[in-house]
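1. Predicted coordinates and the sequence they were generated for:
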Amino acid sequence: MRLPALWCALLLGAASAWAQNSGLPAVTEETAAFEAIKAGALAPDSALRAAACESLRIFVQQHPAAAQAPEALAMLASQEDRRAAIVDWLHLAYEYPSSALARQAKSEYLDLVKRKMKRHAQAAMSALVQAPESADLADRLAQVVYGLAESSGDALYEPAVAEARRFQVRFPAFHDGDRILWSLARLHLADGKNAAALMAYRQLAAYRGSSYREQAQFAVGALLADRLKEFKGAAEAFQEFVTQFPQSAEIPRVLERLAVLYADRFDQPALAVETYERIIKGYPKSDYALKAFNGEAKLQRGRLKQPLEAMKTWQRLTEQFRYPEAVAALLAAAEIARKDLKDYKQEVELRMKIASDFPTATEAAEQLYQAAQVTEYDLNDSSGSVKIYRQVVALVPADKLGRKARDRADKLELKKSP
C-alpha cells in the first residue's frame, strides 16, 4: 500500500535530476507526487488503483491549490462509487469553477443525479450545479455542504458527512460554522444516526452567538424523547430550554412537550396540569392554550378523578374561544354533569348555554331538545320542559326536530289541562 509513495520519491529524484541537467526548473514535489499517484490510478492492477484512490484523496486535501488538484479530484470521482462521485464532481465544480474540468464535472454530476438519485430528489439536487458567484472559496464550498444536507436526504450520507468534516478541518474559523454543524445534524438525522445527531445538536446548543441555539436545544429534547426514548434526559433538555430562552416563541410548544412527558412517561398528572396552566395563563387564546385546556380537563376527569374541576376547566375554555371549540367544551362539560356528577340541573344549563351563545350553530336546536328532555324526565319538571320545547320550535319551526318538539309540548300541555 506504500507503492505510490515509493513511486513518488523515485519519480521526484529522477525528474529533478533530469530538470537540473536540462536547465529546466526543478520538478516540484506536488507535481512528482501527482504523477506517481496518477500512474497508480491508471495501472491495470485493481489493488494498486484502490491504493491510488486513497492517495488521490490525500493529495487533494493536502494540496487543494495545486495545479493538478482538479485533475486529481476528477480521477478520484471517475473511479469511486456513484455516491462519493456525486459529491466529488459537485465539489470540483464549486472549488475550481475556472478549471477546464469544471464543465465536465457539472455534466458528470447531472448525469449521476439523473441516473442514480430518487426522482423526488432530482430537481433539488440538479439545481445545486449552479455554483454561487462568490469570490470567497470557503463560502462557495459551504454551499456544497448546505445543499447536500437540504436536498440529498439519506442517499449520500457517508460522502456528504465526509465533505462536511473535511470542510470543518480546512476552515476551522469559518464565520458560519454553526450552519455547517446544523447541516451535519440534518444529515445524521436523515440517516437515523441519532447519537451523532444528538452530539451535533448539543454542540450547537452551546455555540454562543449562534442563531441555531434555540432550535438545537429543542431538537435535543425532541430527539431524546421521540427517537432515543430517554425521557428523563428529554425533560431536562426541555427545562433547560425554558431557562435559557424564556422569551422564545417556542416556550408554549416546549411546555406542551413537558406536560405530555409528565403525564404519559412519569405518571405525574398533577404536574402536567400545572404545566398546562402555565400555557393557558401565559399564552391565552393560542392553539397551545386550546390544547392545554383539553389536556388538563381530560387528566382531571380521568386520572386525577376530579370531574368537577374538569367541568370548570372546560367552562373556562369558553371564555377564550368561540365556535366550534367552545361548543365542544360545553358538550364535554354537560357530559360530566350528567354521567359523573349526576347534576341534571347543571347539565340543562350547559346545554341551553350552547343554544343561547351560539343560536346559529348546527348543535343549537339539538342541545335545546336534549335540555328539554332532561328537564322533563330527570328533573320531572313538565312546565319547564314545555318552555324549552317551545324554544326549539321557535328556533327550527320547519325542521323535523321542531315538529317533534311541538308535538311533545302539545302533549304535555294537554295532560295538564282539566
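-> In hand now; what should we look at? Just so you know, these numbers come straight off a predicted model, no measurement behind them. Residues are numbered from 1 along each chain as shown.

2. what helix or strand is the residue sitting nearest the centre point of the chain on?
-> Within the chain, one residue has its C-alpha closest to the average C-alpha position: by C-alpha atoms, centre = their mean, that is Ala219, at 8.1 Å. Under the criterion of DSSP states H and E, Ala219 resides in helix 213-226.

3. which residues touch Ala237?
-> Neighbouring residues of Ala237 by C-beta atoms under 8 Å, 6 or more residues apart in numbering: Gln217, Val220, Gly221, Leu224. (Glycine included, C-beta is placed from N, CA and C.)

4. Save these as TSV, and put in pLDDT, distance to Glu163 and neighbour count too.
-> Compiled in TSV, the contacts of Ala237 are given as follows (pLDDT from 0 to 100; distance: C-beta to C-beta, whole Å; neighbours: other C-beta atoms under 10 Å):
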residue	pLDDT	distance to Glu163	neighbour count
Gln217	98	26	26
Val220	98	25	25
Gly221	98	29	24
Leu224	98	28	22
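
5. ok, so of the residues you listed, who is nearest Ile388?
-> Top of the list for closeness to Ile388, among the contacts of Ala237 and by C-beta to C-beta, is Gly221 at 51.0 Å.

6. how near is the closest residue to the closest one other than its chain neighbours to Ala205?
-> Of all residues not flanking Gly221 in the chain, Ala237 sits nearest, at 3.6 Å (C-beta to C-beta, 6 or more residues apart in numbering). Using C-beta to C-beta, to the nearest Å, we find Ala237 at a distance of 9 Å from Ala205.

7. anything in contact with each of the two?
-> Counting by C-beta under 8 Å, 6+ apart, the common neighbours of Ala237 and Ala205 are Gln217, Val220.

8. and the helix or strand hosting Leu73, how far out from the chain's middle?
-> When elements are assigned from DSSP H and E, Leu73 belongs to helix 69-79. In terms of C-alpha atoms, centre = their mean, to the nearest Å, the centre of helix 69-79 is set 36 Å apart from its chain centre.

9. ditto for stretch 378-387
-> A distance of 55 Å separates the centroid of the chain from that of stretch 378-387, by C-alpha atoms, centre = their mean.

10. Figure out the length between the terminal residues of it.
-> Terminal residues of stretch 378-387 lie 16 Å apart, using C-alpha to C-alpha, to the nearest Å.

11. Over to stretch 121-137?
-> Counting by C-alpha to C-alpha, you get 26 Å between the two ends of stretch 121-137.

12. avg pLDDT for it?
-> Model confidence over stretch 121-137 averages 90 on the pLDDT scale.

13. hmm, back to that, and which of the contacts of Ala237 is nearest Glu376?
-> Using C-beta to C-beta, Gly221 is the member of those that sits closest to Glu376, with 53.7 Å.

14. residues touching the closest one, list them.
-> With contacts taken as C-beta under 8 Å, 6+ apart, Gly221 has the following neighbours: Ala234, Ala235, Ala237, Phe238, Phe241, Val254, Arg257.

15. how close does it sit to Pro269?
-> Taking C-beta to C-beta as the measure, Gly221 falls 20 Å from Pro269.

16. per-residue confidence at the residue lying closest to Ala77 once chain neighbours are set aside?
-> In space, not counting the residues next to it along the chain, Ala77 is nearest to Asp88; the distance is 4.0 Å by C-beta to C-beta, 6+ apart. Asp88 carries a pLDDT value of 97.

17. got a list of what Asp88 touches?
-> Under the criterion of C-beta under 8 Å, 6+ apart, the contact partners of Asp88 comprise Leu73, Leu76, Ala77, Glu80, Pro159.

18. What helix or strand is it located in?
-> Of the helices and strands defined by DSSP H and E, Asp88 is found in helix 82-95.
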